[in-house]
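Colleague: Got a predicted model here, sequence first, then my questions.
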Amino acid sequence: MSAAAPGPGELERLVGGFLAAHDPAAMEPLEFLRARFDAGLAWVHYPEGLGGLGAPRALQPAVDRRFADAGAPTNHPERNAIGLGMAAPTIAAFGTDEQKRRFLRPLWTGEELWCQLFSEPGAGSDLAALATRAVRDGDAWTVDGQKVWTSMAHEARWAIIVTRTDPDVPKHRGMTYFVCDMTAPGVEVRPLRQLTGEAEFNEVFLTGVRIPDEHRLGDVGQGWQVATTTLMNERVAIGGHAAPRESGMIGVVAALWRDRPELRTPGLHDALMRAWVETEAARLTGERLRQQLTAGRPGPEGSGVKLAFARLNQEVSGLELDVLGEDGLRYDDWTMRRPTEVDFTRRSPGYRYLRAKGNSIEGGTSEILRNIIAERVLGLPGEIRVDKDVPWKDLPK
Amino acid sequence: MTDLLYTGIEDDLRASVRDVLGDKAPWTSVLAGTEKDDPYDAALWRAIAAGLGCAGLPVPEDLGGAGATWRETAVVMEELGRFAAPVPFLTSAVVATAALMAAGERDLLARLAAGERVAVLAVPFSAAPGDEAAAAVQEDGGALTGEVTSVADGTAADVLLVPAAGGLYAVDAADARRTAVTSLDMTRRLADVAFSAAPARRVADGTGAVRAALMTGAAMLASEQLGLAERCLDDTVAYVKTRYQFGRPIGSYQGLKHRLADLWTSITQARAVARHAASCVAAGDADTPIAVAVAQAHCSETALKAAEECVQMHGGIGFTWEHPAHLYLKRAKADAIALGTPDRHRAALASLVDLPPA
């Protein structure tokens, strides 16, 4: 172990030294990224030898900025959100030394993309009800079941997966968490077409898939605790900068309002100004949360930020169609496609309106988020649970 | 981007103010005060204004103040809102003080900063920033004649600051005829004020001082609304945990839990916009008019929602006189109209951000 964790000045010096020895313009991007990982400057809050230096997490944005300013290649975090945001912290917390060495470096560099096999047709908000079975078979497990809402499954090399290993105990106790090889025999990925016409997500069918026991994360039966760690990291992305005013949906509608005076009515103006105020309030709240995190004083405001974002995005994308009137009746394209990123701005207003409906469902429904705020922040009583002490196999399904 | 957090000094200031309010302004006293003749709680005012030195927070030290900023003043406003405290802080230590600071006046300012005098701006409490031109009082030979209705803390004032004749005048309250108004919010009472050739001293030319005063007042009012909303949420959450119906705490029902979660979310936003507005005013930031309009439009509705939910979720007891919920409801509704309704602020915002009406 090293002595004290490096502070901002020491990190600044280390990045400067690294950039002096590794010219981003002269190196292969992948070589550069691997070297950056090996120097501990990938995610500075990770331990030494695993891409970090044990530094405070709040110092990461400054490091990223420094590399961006120097024209360093990026690991394309937008393509590997599940890997970077969820798989990596889970592996760091529960993985064996061997697992950490094997998985974290190619994950961070983007050589290997990750997806998440959590939700099932019968286990959405109630993830712990999941039914995908893993049965021990010597030094491996045989997995059968169906997962759903898996983005990037068709591009991912690895998945994090939660399975049912003991149906005879109450649901939270009978689960086990694995890393699943997406190229293994028996893994079948099918696009899942959404109400927008496209397929960002997939269904994943698992039929007799063999997972070696060495790819288990955490103990047998500990899957819920491991999954909880993963989900706690499914946070609102907080960057190093404040979002500019009028970014996102409100900017789209504001531009439309300025360009098309003939579409204006008093009622729409009132709705627009209300939405403008609420969007600005949400932006400043996100900025305040960012300042809290930077100051090392995180608060529970993140769940409120997600709740407000979903409501506003839906409201404002609906307003755009109202302002458009006749043009709001047209749609750009119902063809089935498989996008790798959600891009609101390049699609039609109708697409934006429809896609926004997912915002209050994905990553925790707004109803579940309200329960979480009410119970964990306000300390109100939890929901009455009829399933807590019942063996999983006896639950109504 | 402005600093949206609270400094250690601000946390300490909050604790001192809350101690005094907890001691001298329990809701039972505030409620009893609404049925007394005194227009405000003089002992509480002395403790806050002079004792803690809060009246002079934004005033420079060489002018007799504490040399702090409107950010610290905003923290005091949060606490006063939390207690619906019956003191002329918003009217004298914020609005009148801001007017005198903008006017470059020194003598009266120093006495306001010391908490020795109470001055109020003689405009209807509903006046929004931008309404400064509509003066209802005429000047003739250094004396004022006319009438201004619905002046907040009008009966508490020693001095009235009166917009007239393209400027701002100071009038001794004894030289005006003041009629107490039975107000929706009796914790901050209104008065109708009439001047009949009242001797007046001109303290500012132009409308700039009044505009600055109303803008600063609107910014600080957002913090009062934040504190009021927090109080309503805290009291309501505490109540629904202990009130049992159908064998369960009523706070275990999603019908209430989800609304309280939404209210909490609105309040986190109110905190961000109020802090931004206070920081902008403190720094003289060019973003001030937008920040204040956003803060008023959002915080007015959040405080009102919080007070309305407080009444509703307390059920029958919340509808009685012997419970503080109605104090918060009346303060919240009056605050929403004060210094510009949300609709007025959205209209101001529309022109500031180039989103013209139909």
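Modeller: Structure's in. What do you need? A quick note: this is a predicted structure, and the numbers were derived from the prediction, not measured.

Colleague: so where's chain A shaky on pLDDT?
Modeller: A:1-3, A:234-241 (pLDDT under 70).

Colleague: For it, which segments count as helices?
Modeller: A:8-21, A:29-38, A:60-69, A:81-82, A:88-94, A:97-109, A:223-232, A:249-259, A:266-294, A:301-324, A:349-356, A:366-372 (DSSP state H).

Colleague: who in the stretch 201-350 of chain A is up against chain B?
Modeller: Near chain B, the residues belonging to the stretch 201-350 of chain A are A:242, A:246, A:254, A:257-258, A:261, A:264-266, A:268-270, A:272-274, A:276-278, A:280-282, A:284-285, A:287-288, A:291-292, A:295, A:297, A:301, A:304, A:307-308 when assessed by C-beta under 8 Å from any C-beta of the partner chain. Where C-beta positions appear, they are placed from N, C-alpha and C, glycine not excepted.

Colleague: follow-up on the earlier one: kindly reformat the helices of chain A as CSV containing mean neighbour count.
Modeller: Compiled in CSV, these are given as follows (neighbours: other C-beta atoms under 10 Å in any protein chain shown):
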stretch, mean neighbour count
helix A:8-21, 14
helix A:29-38, 18
helix A:60-69, 16
helix A:81-82, 22
helix A:88-94, 21
helix A:97-109, 18
helix A:223-232, 19
helix A:249-259, 18
helix A:266-294, 21
helix A:301-324, 21
helix A:349-356, 21
helix A:366-372, 18
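
Colleague: Can I get these in a markdown table including distance to residue A:191?
Modeller: As requested, these are arranged in a markdown table below (distance: least, C-beta to C-beta, whole Å):
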| stretch | distance to residue A:191 |
| --- | --- |
| helix A:8-21 | 41 |
| helix A:29-38 | 29 |
| helix A:60-69 | 33 |
| helix A:81-82 | 17 |
| helix A:88-94 | 26 |
| helix A:97-109 | 24 |
| helix A:223-232 | 24 |
| helix A:249-259 | 26 |
| helix A:266-294 | 32 |
| helix A:301-324 | 24 |
| helix A:349-356 | 16 |
| helix A:366-372 | 26 |
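
Colleague: right, and these - which one's nearest residue A:335?
Modeller: With distances scored as C-beta to C-beta, the stretch of the helices of chain A nearest to residue A:335 is helix A:349-356 (11.8 Å).

Colleague: The closest one relative to helix A:249-259, how many degrees between them?
Modeller: Relative orientation of helix A:349-356 versus helix A:249-259 (axes from the mean of the first three to the mean of the last three C-alpha atoms, to 10 degrees): 160 degrees.

Colleague: for helix A:349-356, packing partners?
Modeller: In this structure, helix A:349-356 makes packing contacts with helix A:249-259, helix A:301-324, judged by 3 or more C-beta pairs under 8 Å, 6 or more residues apart in numbering or on different chains; DSSP states H and E.

Colleague: What is the longest one packed up against?
Modeller: Here helix A:301-324 touches helix A:249-259, helix A:266-294, helix A:349-356, helix A:366-372, helix B:254-283, going by 3+ C-beta pairs under 8 Å, 6+ apart.

Colleague: what domains does the record give for the chain?
Modeller: If you meant another chain, say so; for now it's chain A. Under automatic domain parsing, the residue ranges defining each domain of chain A are A:1-74, A:114-232, A:249-362.

Colleague: my bad, the chain I had in mind was chain B
Modeller: Domain assignment for chain B by automatic domain parsing gives B:8-118, B:137-206, B:209-352.

Colleague: out of those, deepest packed?
Modeller: With neighbours defined as mean count of other C-beta atoms under 10 Å in any protein chain shown, the domains of chain B peak in mean count at domain B:209-352, which reaches a mean of 22.
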